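**Student:** Generate coordinates for the sequence data below:
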Amino acid sequence: MKPRFVMLTAALLALAGAREAQAFERQHHLGFGGGFSLLKAENTSLAPGGGGAIHYSYGLSDSLNLLVEGGTSVLSIPAPEGFAGASGSRTLLLSSLGAGIGYSFDVVQWVPYVGILGSGYLAYGPASDGAVGAAGVQAALGIDYQVSRSFSVGLALRQHVLLSKITTYPSYTTAFLRAEYVWGW
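**Tutor:** Down below sits the predicted model:
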């Protein structure tokens, strides 16, 4: 059998069995998630960690959503190279709270989306010199799978760009698996 024929047949069967996903105006989504965080700190290697977030969205139209998200990551910051007396790693907690707009593409049960959020950040813990605040933006990319009309699961990817104060941490990325309750259809 030719690979193209097999792929085409599988795609047609998947679409034939899929239910239609629908987004509605005034639809609410409330959920939580957790997963992996990665910070690229200046003069150090990558700082991995984990975290969690809560999120809420409200359907302004069938494809535009208001997004509100808050989360915290616990990151392991390696000691800077050549830093006298430092060894191992130190803990940094990085919290964010943001709001913005998202655009959903309705495709059967799978609902991919993109968005942009303005955010405030707070870095604190042993790896920081006290609590440090910053402003920034988040580029949002994700996909949700509607298990039922009232429940969905998904993957949320966020690229955070810190615009002030925390200049030693220029690249911060989160990838969270999430679940949400949906109502108001």
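**Student:** For the rest of this, base every contact and every neighbour count on C-alpha atoms.
**Tutor:** Noted.
**Student:** Can you give me every residue that contacts residue 54?
**Tutor:** By Cα atoms under 8 Å, 6 or more residues apart in numbering, the contact set of residue 54 is 30, 31, 32, 33, 69, 70, 71.
**Student:** Keep only those of those residues that are in strands.
**Tutor:** Residues of the contacts of residue 54 located in strands (DSSP state E): 30, 31, 32, 33, 69, 70, 71.
**Student:** what's the spacing between the second one and residue 181?
**Tutor:** This points to residue 31. Separation of residue 31 from residue 181 (Cα to Cα, to the nearest Å): 6 Å.
**Student:** With residue 32 instead?
**Tutor:** 9 Å.
**Student:** More neighbours: which of the two?
**Tutor:** Taking other Cα atoms under 10 Å, residue 32 and residue 181 do not tie; residue 32 has more neighbours (19 against 16).
**Student:** Nearest spatial neighbour of that one, chain-adjacent residues omitted?
**Tutor:** Excluding the flanking residues, the one nearest residue 32 by Cα to Cα, 6 or more residues apart in numbering is residue 54, at 4.2 Å.
**Student:** Over to the one you found. Which of the three states is it?
**Tutor:** strand (DSSP: H, G, I helix; E, B strand; the rest coil).
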